[in-house]
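Trainee: One predicted model, sequence on top.
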Amino acid sequence: MKDHLIAHLVAATHEVFETMAGTTLRSCPPIEPSAFAPMANVVATVGFAGGISGLVTLYSGFAAARAITGAMLGMEAAEVNGEMPDAMGEMANMIAGLFRSKLVAEGLPCDISIPTVTVGSDFSTRYGSEVTRVLCPFEMGNEEIFVGLALTGN
């Protein structure tokens, strides 16, 4: 995985969380996903294709997802109910959109898909062998979230 792509993803994540959730994240070093699978109950994914193709994925537990949703909507995390999937999809969409704008500035035009959000407790995500991946962990207070980048064929 190219370091500048990881840097773009991390920068986009910080900016979106600061702007939309009023939250400052602490970055941790990127990790190889083959050695680690994040424990997540909420997985929001946005695809992108064009000059470069792949996925941006936001992983979190229920508590972090409720905290993010509450911060976005100006409500207590305990009050969050059905709004969480839409809010997490929108966070992933904004991260992917800002990441996309950084790619376009480098001469790699691409479009993004609508977000897909999976919520549950007994599922996993898998990728084909032609995919290069990286996971960027972040700490949000006492919660841990991950933002993943998967590139296809590049």
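Mentor: Done, it's in.

Trainee: and the longest helix along the chain, what other elements does it pack with?
Mentor: In terms of residue count, the longest helix belonging to the chain (DSSP state H) is helix 84-105. Contact partners of helix 84-105 among helices and strands, from 3 or more CB pairs under 8 Å, 6 or more residues apart in numbering; DSSP states H and E: helix 3-21, strand 42-50, strand 54-60, helix 62-73, strand 110-112, strand 116-119. For glycine as for every other residue, the C-beta is placed from the backbone atoms N, C-alpha and C.

Trainee: can you pull the contacts of the residue sitting nearest the centre point of the chain?
Mentor: Against the mean C-alpha coordinate of the chain, by CA atoms, centre = their mean, the closest residue is residue 58 at 2.6 Å. Remark: with contacts taken as CB atoms under 8 Å, 6 or more residues apart in numbering, residue 58 is in contact with 42-45, 88, 91-92, 95, 145-148.

Trainee: how about 6 Å then?
Mentor: Under the criterion of CB atoms under 6 Å, 6 or more residues apart in numbering, the contact partners of residue 58 comprise 44, 91-92, 147.

Trainee: How about residue 91?
Mentor: By CB under 6 Å, 6+ apart, the neighbours of residue 91 are residue 58.

Trainee: let's number from 58 now, not from 1
Mentor: Got it, the first residue is 58 from now on, which makes the last one we talked about residue 148.

Trainee: where's it relative to residue 184, distance?
Mentor: Residue 148 sits 21 Å away from residue 184 when distances are taken as CB to CB, to the nearest Å.

Trainee: buried ones in the longest helix of the chain?
Mentor: 141-142, 144-153, 155-157, 159-160 (16 or more other CB atoms under 10 Å).

Trainee: What of stretch 200-211?
Mentor: Residues of stretch 200-211 classed as buried: 200-208 (neighbour count, 16+ other CB under 10 Å).

Trainee: related to what we said a few turns ago, point out the one among the helices and strands packed on helix 141-162 that comes closest to residue 192.
Mentor: Nearest of the helices and strands packed on helix 141-162 to residue 192, taken as CB to CB: strand 111-117 at 7.8 Å.

Trainee: Using CSV, write down the CA coordinates of the closest one.
Mentor: What follows is strand 111-117 as a C-alpha-only set of coordinates in CSV (Å, rounded to 0.1, in the frame of the first residue of the first chain):
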residue,chain,number,x,y,z
GLY,A,111,-11.4,0.1,-4.2
LEU,A,112,-13.3,0.6,-0.9
VAL,A,113,-13.2,2.9,2.1
THR,A,114,-14.6,1.2,5.1
LEU,A,115,-15.5,2.5,8.6
TYR,A,116,-15.6,-0.1,11.4
SER,A,117,-16.9,0.5,14.9
